[in-house]
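Participant: A predicted structure for the sequence below; I have some questions about it.
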Amino acid sequence: MLESAVVPVDKPAGPSSFRMVQLVRRASGIKKVGHAGTLDPFASGLLLICIGRPATRLVDRLMAGDKEYEATLQLGVSTATHDPEGEVLERREPSEAHFAALDEALAAFRGELWQSPPAFSAAKHQGKPLYSYARRGEMIEKPPRRALIHELRLLAQDRDQGRLVLRVRCSKGTYIRSLAHDLGQVLGCGAHLVALRRLASGGFRVEQALAGERLLEPEAAVALAEYAIAPAAVEARL
């Protein structure tokens with residue numbers, strides 16, 4: 001019987017990270033379950049779920065690792081949340097000049113930068129996430145935080161649709177939504193994040209993760225056990 005473990009899960013786009021925790025809690029029969037790093041509902045990819053107290057004690061250390069993402073940006077459209085869930089604030093047709101400026105603009109974001117947490121984020125203010133204030137119309141501004149972009153690479157572009165696909169390897173606490181928005185500002189046409197997939201976190205990769213859809217199946221407990229990593233083995237990788 002599964003008592004304590006870290007299970008890498010490939011979260012599908014749609015459900016929240018908390019929903020994935022609920023499904024693991026139901027399948028394992030263990031109440032003490034948490035995750036190491038929230039993925040927004042529209043995002044997919046690697047979510048490290050910790051089951052049982054020995055594993056949940058590792059959450060902070062698991063979150064400290066570098067992250068790798070594949071991010072899809074929509075140029076020419078700015079939203080209030082910098083992602084597809086927010087109100088559209090401005091539209092501007094991206095031109096050939098904006099695409100021609102891409103290489104120089106991307107270079108400006110590599111290395112160390114400072115980001116202010118987005119108003120619609122899980123960053124805390126007086127013990128509550130910023131999004132809980134923003135949903136009431138209160139936009140809380142937090143001091144900028146240091147982030148480090150190790151790799152920022154253009155994978156694909158669709159000039160007809162005004163879309164870019166980027167590979168981002170970055171430090172803990174980097175806001176990819178803010179990166180998308182800020183890149184749009186530098187280009188001068190605006191942008192927001194339309195899709196995000198987490199490929200890696202620390203030494204864990206999504207290719208070795210349990211497909212999140214399997215947590216809905218009758219044999220979810222068996223699937224969890226198949227992908228479970230003992231806390232001691234996880235510690236050895238940190």
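Facilitator: Yep, it's here. Numbers count the residues shown, from 1 in each chain.
Participant: for residue 154, see how far away residue 19 is.
Facilitator: 33 Å (Cβ to Cβ, to the nearest Å). Heads up, the C-betas are built off the backbone N, CA and C, glycines and all.
Participant: give me the buried positions along stretch 91-99.
Facilitator: 92, 94, 95, 98, 99 (16 or more other Cβ atoms under 10 Å).
Participant: using PDB, write out every CA atom in that stretch.
Facilitator: Extracted C-alpha coordinates of stretch 91-99, given in PDB (Å, rounded to 0.1, in the frame of the first residue of the first chain):
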ATOM      1  CA  ARG A  91      -5.500  44.800 -30.000                       C
ATOM      2  CA  ARG A  92      -2.800  45.800 -32.500                       C
ATOM      3  CA  GLU A  93      -2.000  43.900 -35.700                       C
ATOM      4  CA  PRO A  94       1.600  42.600 -35.500                       C
ATOM      5  CA  SER A  95       3.600  43.600 -38.600                       C
ATOM      6  CA  GLU A  96       6.700  42.300 -40.300                       C
ATOM      7  CA  ALA A  97       8.700  44.900 -38.400                       C
ATOM      8  CA  HIS A  98       7.700  43.300 -35.100                       C
ATOM      9  CA  PHE A  99       8.800  39.900 -36.200                       C
END
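Participant: parallel or antiparallel, which strands does the top strand by length along the chain pair with?
Facilitator: In the chain, with assignment by DSSP state E, the single longest strand is strand 145-158. The pairing partners recorded for strand 145-158 under DSSP bridges are strand 111-115 (antiparallel), strand 163-170 (antiparallel).
Participant: and this structure, what are its domain boundaries?
Facilitator: 5-64+202-237, 67-200 (automatic domain parsing).
Participant: could these go into CSV alongside mean pLDDT?
Facilitator: Shown next, in CSV, are the domains of the chain (pLDDT from 0 to 100):
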stretch, mean pLDDT
domain 5-64+202-237, 96
domain 67-200, 90
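Participant: quickly run through the sheet partners of the strand or helix carrying residue 89, with directions.
Facilitator: Using DSSP states H and E, residue 89 maps to strand 88-91. Partner strands and pairing direction for strand 88-91 (DSSP bridges) are strand 77-79 (antiparallel).
Participant: what's in contact with the strand it pairs with?
Facilitator: Outside strand 77-79, the residues that touch it by Cβ atoms under 8 Å, 6 or more residues apart in numbering are 85-92, 162, 181, 184, 190-192.
Participant: try it again with 10 Å
Facilitator: With contacts defined as Cβ atoms under 10 Å, 6 or more residues apart in numbering, strand 77-79 is touched by 84-94, 120, 162, 177, 180-181, 184-185, 189-194.
Participant: which is the next helix or strand following the strand holding residue 89?
Facilitator: That would be, after strand 88-91 and using DSSP H and E, helix 96-100.
Participant: so where do the strands sit in the protein?
Facilitator: 5-11, 33-35, 44-51, 67-75, 77-79, 88-91, 111-115, 124-125, 128-129, 145-158, 163-170, 191-201, 204-205, 210-211.
Participant: what would the ones you listed look like in JSON lines with distance to residue 233?
Facilitator: Supplementary listing: these in JSON lines, determined by distance: least, Cβ to Cβ, whole Å:
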{"stretch": "strand 5-11", "distance to residue 233": "8"}
{"stretch": "strand 33-35", "distance to residue 233": "18"}
{"stretch": "strand 44-51", "distance to residue 233": "13"}
{"stretch": "strand 67-75", "distance to residue 233": "21"}
{"stretch": "strand 77-79", "distance to residue 233": "41"}
{"stretch": "strand 88-91", "distance to residue 233": "46"}
{"stretch": "strand 111-115", "distance to residue 233": "33"}
{"stretch": "strand 124-125", "distance to residue 233": "31"}
{"stretch": "strand 128-129", "distance to residue 233": "32"}
{"stretch": "strand 145-158", "distance to residue 233": "26"}
{"stretch": "strand 163-170", "distance to residue 233": "24"}
{"stretch": "strand 191-201", "distance to residue 233": "16"}
{"stretch": "strand 204-205", "distance to residue 233": "12"}
{"stretch": "strand 210-211", "distance to residue 233": "16"}
